[in-house]
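> structure, please.
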Amino acid sequence: MPAPSFSGHRLKLLPLALMAIVVTTAIPAELCPPNAWEWKFEAGDVAVNLLLYAPLGVALRRRPWWQVLAAAALLSGAIEGWQVWCSQRHPATWDVIANGAGALLAALAVRRWRRDVPQGTGIPVGPGELLAAAFALAAFLWLGHQPGPSPALAGWDPGYPLLLGNEGTGDRGWRGGIASVAIFPGWLTGAERRTLDAGGPAARALEDGRAVVVSRDSVACAGGPAVALPPQAAVDLVRAAEARGGVTIVARFTPADTLADGPARIVSFSTDPYHRNLTLGQQAGALVLRVRTPATGENGRRHDVDTKSVLAPGRPATVVAGYDGRVGRVFVDGRLAGRTNVAAAASRVPWLANEVLPSVCALVGGLAVLLAAAALGGRVRGGVRVAAAAGVAVTLLLPQLAPALAAAMAAQPGAPYAGMAGVLSMAAALAPRRT
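Residues are numbered from 1 along each chain as shown. Sure thing, here's the model as predicted:
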């Protein structure tokens, strides 16, 4: 490919359209057990999905209408199928319909009203566009140096009691039966969680070998006084959890009802309703996890983890709930029921540090390639490849270039891949100079 000089330069639209679709819909926060497929019609989601696939339709405008529709529907169907295993994603039939319709309508609209558009056109890039790209990249790097409160697990008080079934003040009583509780320092691996979900001798051996706190004495709770665990266990847990940077509660219990409020405390490491290290509670049929960090506050209430209704009266549940220093999660009977990215929510720019972060990383990678290619112009042989290498370097160095967002990036394992997708798509989009 000839090196561009960027005088009247244009970018090919197709690779950029594909990149935008993939990074916004196919990169998960993390994998999870299968999500249910949704059939509900939501006008806002339909409108967004129509717009998302419109650039793809414009890029394919020269193709027969049925090819445009088939390409969009197949791509959307594959991504929606993939979303079945992606946390915080919602595979839906209406998304596929809207995506296909958006691409087709855009292609037909361009044919109808812009018959004079030549085959080789793309996105124009001139001095104004390059200036905007440089400003956007500089703004991201500036925001990436604006620190928020730390999401690290720190500041726990070893003098707080470890309690089952209530607060020490007696005003957050829970009703039900607790079969066992184990509290581990650090966040458990997927294999360890599956072992604990299965129960039996392997689970007991894991609890005895790794957990700091283990209670297998059945506790019947009727909303009365809390049951206190040994004080030394609380001291040991603080030391181990802060050293490992995380904590995990494994609780097997049966709620008596779904009328709990407060939330009612199943397991609480706290001195009163407003000062805690750690709490797993029940709110109606939902669960609430609160972990004390500088970002979540001394009550752990900011950026806590709330699930949907997952409990039923008289139905036993195995709950694995914890915090890895960046993300809080609650699993119920092996299924991810709640997730909060504390590292993103606590940053100064939470709107770009959570679900949209992969898209931002892709944009940064693409802009780095574009600006490097513009700086090289036609003076360097293989300029596009050199510019792509510069984009890869920027993507790999993002945690250092934007240190305030490093924890949020670590909480989004797909963000580096999105950055690479941005680099590759921009390299593919760089077209020869117009003649």
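
> with adjacent residues omitted, what lies nearest to residue 414?
residue 27 (3.8 Å; Cβ to Cβ, 6 or more residues apart in numbering). In this view, the C-beta of every residue, glycine as well, is placed from N, C-alpha and C.

> ok, how many other residues are close to that neighbour?
23 (other Cβ atoms under 10 Å).

> what strand or helix carries it?
Assigned by DSSP states H and E, residue 27 belongs to neither a helix nor a strand.

> doesn't residue 148 make contact with residue 294?
No - the criterion here is Cβ atoms under 8 Å, and residue 294 misses it with residue 148 at 9.3 Å.

> so these two - more neighbours on which side?
The residue with more neighbours, out of residue 294 and residue 148, is residue 148; 20 against 15, by other Cβ under 10 Å.

> buried residues in the helix or strand harbouring residue 58?
Secondary structure assignment for residue 58, by DSSP H and E: helix 43-59. Along helix 43-59, these residues count as buried under the neighbour rule (16 or more other Cβ atoms under 10 Å): 45-46, 49-50, 52-59.

> and that helix, what does it pack onto?
Helices and strands touching helix 43-59, by 3 or more Cβ pairs under 8 Å, 6 or more residues apart in numbering; DSSP states H and E, are helix 13-25, helix 65-83, helix 93-113.

> chain center to stretch 149-162: distance?
Stretch 149-162 sits 24 Å away from the centroid of its parent chain (Cα atoms, centre = their mean, to the nearest Å).

> likewise stretch 389-405?
With Cα atoms, centre = their mean as the basis, stretch 389-405 stands 19 Å off its chain's centre.

> for it, C-alpha coordinates in PDB please.
Extracted in PDB, the C-alpha atoms of stretch 389-405 (Å, rounded to 0.1, in the frame of the first residue of the first chain):
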ATOM      1  CA  ALA A 389       3.400  -0.300  15.100                       C
ATOM      2  CA  ALA A 390       3.200   3.100  16.800                       C
ATOM      3  CA  GLY A 391      -0.500   2.400  17.500                       C
ATOM      4  CA  VAL A 392       0.300  -1.000  19.000                       C
ATOM      5  CA  ALA A 393       2.900   0.600  21.300                       C
ATOM      6  CA  VAL A 394       0.400   3.300  22.500                       C
ATOM      7  CA  THR A 395      -2.200   0.600  23.200                       C
ATOM      8  CA  LEU A 396       0.200  -1.600  25.200                       C
ATOM      9  CA  LEU A 397       1.400   1.500  27.200                       C
ATOM     10  CA  LEU A 398      -2.100   2.800  28.000                       C
ATOM     11  CA  PRO A 399      -2.000   1.800  31.700                       C
ATOM     12  CA  GLN A 400       1.200   3.900  32.000                       C
ATOM     13  CA  LEU A 401       0.000   6.700  29.800                       C
ATOM     14  CA  ALA A 402      -3.300   6.900  31.700                       C
ATOM     15  CA  PRO A 403      -2.400   5.700  35.200                       C
ATOM     16  CA  ALA A 404      -5.700   6.900  36.800                       C
ATOM     17  CA  LEU A 405      -7.500   4.400  34.600                       C
END
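
> each with direction, which strands does the longest strand belonging to the chain pair with?
Using DSSP state E, we find that the single longest strand of the chain is strand 175-185. According to DSSP bridges, strand 175-185 forms sheet pairs with strand 213-215 (antiparallel), strand 219-222 (antiparallel), strand 247-255 (antiparallel).

> and among those, the most buried is which?
Highest mean neighbour count of the strands paired with strand 175-185: strand 247-255, a mean of 23 (counted as mean count of other Cβ atoms under 10 Å).

> mind listing what's buried in the helix or strand containing residue 366?
Per DSSP H and E: residue 366 is located in helix 357-376. Within helix 357-376, the residues that qualify as buried by neighbour count (16+ other Cβ under 10 Å) are 357-374, 376.

> what's the next secondary structure element after that helix?
Downstream of helix 357-376, the next assigned helix or strand under DSSP H and E is helix 383-396.

> against which helices or strands is the helix or strand of the chain with the lowest mean pLDDT packed?
Here the helix or strand of the chain ranked lowest by mean pLDDT, DSSP states H and E is strand 9-11, holding a mean of 83. Contacts defined by 3+ Cβ pairs under 8 Å, 6+ apart place strand 9-11 against strand 123-125.

> poorly predicted segments of this protein, please.
For the chain, the stretches with pLDDT under 70 are 1-8, 114-121, 378-381, 431-435.

> switch the cut-off to 80
Low-confidence segments of the chain, defined by pLDDT under 80: 1-9, 88, 113-122, 377-382, 431-435.

> domains of it?
9-148+347-429, 162-341 (automatic domain parsing).

> would you turn those into CSV with distance to residue 156?
Output for the domains of the chain, formatted as CSV (distance: least, Cβ to Cβ, whole Å):
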stretch, distance to residue 156
domain 9-148+347-429, 19
domain 162-341, 4
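
> which of those sits closest to residue 154?
For the domains of the chain, the distance to residue 154 is smallest for domain 162-341, at 6.2 Å, taking Cβ to Cβ.

> any idea how far apart the tips of that closest one sit?
When the termini of domain 162-341 are compared using Cα to Cα, to the nearest Å, they are 26 Å apart.

> name the surrounding residues that touch the helix or strand that contains residue 406.
Element membership of residue 406, judged by DSSP H and E, is helix 406-410. Contact with helix 406-410 is made by 151, 325-326, 341, 343-344, 347, 353-354, 357, 361, 398-400, 402, 415-416, as judged by Cβ atoms under 8 Å, 6 or more residues apart in numbering.

> can you say which of the residues you listed are buried?
For the contacts of helix 406-410, a burial check counting by 16+ other Cβ under 10 Å picks out 151, 325-326, 341, 343-344, 347, 353-354, 357, 361, 398-399, 402, 415-416.

> so which of the domains of the chain gets nearest residue 155?
domain 162-341 (6.2 Å).

> quick check, distance from that closest one to the centre of its chain.
22 Å.

> run through who's touching stretch 58-71.
Residues contacting stretch 58-71 (Cβ under 8 Å, 6+ apart): 12-14, 17, 56-57, 100, 103-104, 106-108, 110-111, 117, 119.

> again, only this time at 6 Å
13-14, 17, 57, 100, 103-104, 106-107, 110-111 (Cβ atoms under 6 Å, 6 or more residues apart in numbering).
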